[in-house]
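K.L.:
The sequence isn't on hand, but the structure is:
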């Protein structure tokens, strides 16, 4: 006579299996009925459970949080301590007694208490259900390596053990082993375990491994099971973008935004898509929506500023850059200085001056040495370009006192002295910069320009040729040719 297992959920939500007692004579059965509760599940359910209702949870900002921390998903994972008799390995009569009388009560009270009993029960000839159950205990305790080991042991004994295969795949995903999780998830599907969550996790793992075409197909199938799952829809948009299918991505975003107008991820995704399609004004509009919603990050605001600079609107760019700096609170000075550098490079001197002043206020005394030097250099460049030469040279000499080998500052100081009509000091700064790696060519060109102004064409030509050997540039080559022509005329 074959034994059977009855599958039912316990009200306390931890153990989902109750075993039928092994065959015995009628008298013995009657005695047991008189001495024991009719339903062992009712007896266990009557006891208070101290087991955790979590199952290896992930932080709320983790990309899997929408799937993993879902109550229904957790319920199914916790319920995976049970048995499905038609598709899983069996327990013999002795193993049933062990599981019912020893292991099941321990699991009911606290899963970790069952570990010693399960380890003792496991052997090469023992049911794969013991390996599987121990793996699930380890999984719940976030001991993923141990969980994977025991799930694999269960599958070695019973290769078509669907829940062992499914939990193996889930443990690999939860542990960030995406490359290993992909074949495990695929095998789960092969065994008949297709559902929205498995397909969604397969798509997620494929995305992490850069398999965007396969991920798009998996997300589309997952949406057949869960058509309103926003995580899957966002994942599908990202896959479309990654594969260059911008039309499909935009169509899906146009469908989602009216449904979820307060979802910042949707506005940001569409903005980035507009940027890739060179629709910069539309991208800026999206970031402005995020700004009005109060959900624009410092990175969003910085990108907005860059978009305004590309469109030639430095005053709007300054507004966005200042908002980003305020949001950072001075913690990311490097990002603010990058924005100021863009303003300086475009000749937006007033805007750069305002942003640098605010950056200095926000950073206070906690500025990293490299950022502090860059801030000073940018302030000097603004001063040089706005007629505040005396202030500029004070800043530059201050930098050189801290770091005499600052090539960029040496070049700026040389430029100041050149503009101030002091070619000797300018030449000294250029000569010093020419000895610093990475600044040799630029310094040689500036030295040559000084010599040309002094009509020392032969020396200038030699320096320009050296600069071209170090770092060839078309504009320098054209300048060299013009100087050679002037020198030839001078000789004639």
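P.N.:
Thanks, I have the structure now. It should be emphasised that the depicted structure is a prediction, and the values quoted were computed from it without experimental measurement.

K.L.:
so residue 354 touches residue 322, yeah?
P.N.:
Yes - under the criterion of C-beta atoms under 8 Å, residue 354 makes contact with residue 322 at 7.4 Å. Backbone N, C-alpha and C define where each C-beta goes, glycine included.

K.L.:
what about these two, which has more around it?
P.N.:
The residue with more neighbours, out of residue 354 and residue 322, is residue 322; 20 against 16, by other C-beta atoms under 10 Å.

K.L.:
That one: helix or strand, and which one exactly?
P.N.:
helix 314-328 (DSSP states H and E).

K.L.:
Just after that helix, pick out the following helix or strand.
P.N.:
Proceeding C-terminally, helix 314-328 gives way to helix 333-345 as the next helix or strand, assigned by DSSP H and E.

K.L.:
and that following helix, average pLDDT?
P.N.:
In this model, helix 333-345 has an average pLDDT of 95.

K.L.:
Same question for stretch 152-171.
P.N.:
Taken as a whole, stretch 152-171 has an average pLDDT of 95.

K.L.:
Between the two ends of that stretch, how far is it?
P.N.:
11 Å (C-alpha to C-alpha, to the nearest Å).

K.L.:
Distance from the chain centre to it, please.
P.N.:
30 Å (C-alpha atoms, centre = their mean, to the nearest Å).

K.L.:
Same check on stretch 464-479?
P.N.:
In terms of C-alpha atoms, centre = their mean, the centre of stretch 464-479 is set 42 Å apart from its chain centre.

K.L.:
Tell me the pLDDT of the closest residue to residue 57 other than its chain neighbours.
P.N.:
Distances taken as C-beta to C-beta, 6 or more residues apart in numbering put residue 69 closest to residue 57, at 5.7 Å, once the chain neighbours are dropped. Note on residue 69: pLDDT of 73.

K.L.:
what's near enough to touch residue 69?
P.N.:
When contacts are counted by C-beta atoms under 8 Å, 6 or more residues apart in numbering, residue 69 touches 57, 58, 60.

K.L.:
Let me have those residues in a markdown table, extended by neighbour count and pLDDT.
P.N.:
Output for these, formatted as a markdown table (neighbours: other C-beta atoms under 10 Å; pLDDT from 0 to 100):
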| residue | neighbour count | pLDDT |
| --- | --- | --- |
| 57 | 15 | 78 |
| 58 | 15 | 75 |
| 60 | 8 | 78 |
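
K.L.:
Let me have the residues you listed in JSON lines, adding secondary structure as columns.
P.N.:
Formatted as JSON lines, those follow (DSSP: H, G, I helix; E, B strand; the rest coil):
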{"residue": "57", "secondary structure": "coil"}
{"residue": "58", "secondary structure": "coil"}
{"residue": "60", "secondary structure": "coil"}
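
K.L.:
Let me have the residues you listed in a markdown table, extended by distance to residue 176.
P.N.:
Supplementary listing: the contacts of residue 69 in a markdown table, determined by distance: C-beta to C-beta, whole Å:
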| residue | distance to residue 176 |
| --- | --- |
| 57 | 15 |
| 58 | 10 |
| 60 | 17 |
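
K.L.:
okay, now the domains of this structure?
P.N.:
Domain ranges of the chain: 1-193, 297-403, per automatic domain parsing.

K.L.:
Out of these, point me to the one whose mean pLDDT is lowest.
P.N.:
Here the lowest mean pLDDT among the domains of the chain goes to domain 1-193, at a mean of 74.

K.L.:
Kindly provide the distance from residue 443 to residue 433.
P.N.:
For residue 443, the distance to residue 433 equals 4 Å [C-beta to C-beta, to the nearest Å].

K.L.:
overlap in contacts of the two?
P.N.:
With C-beta under 8 Å, 6+ apart, residue 443 and residue 433 have common neighbours 407, 410, 411, 414.
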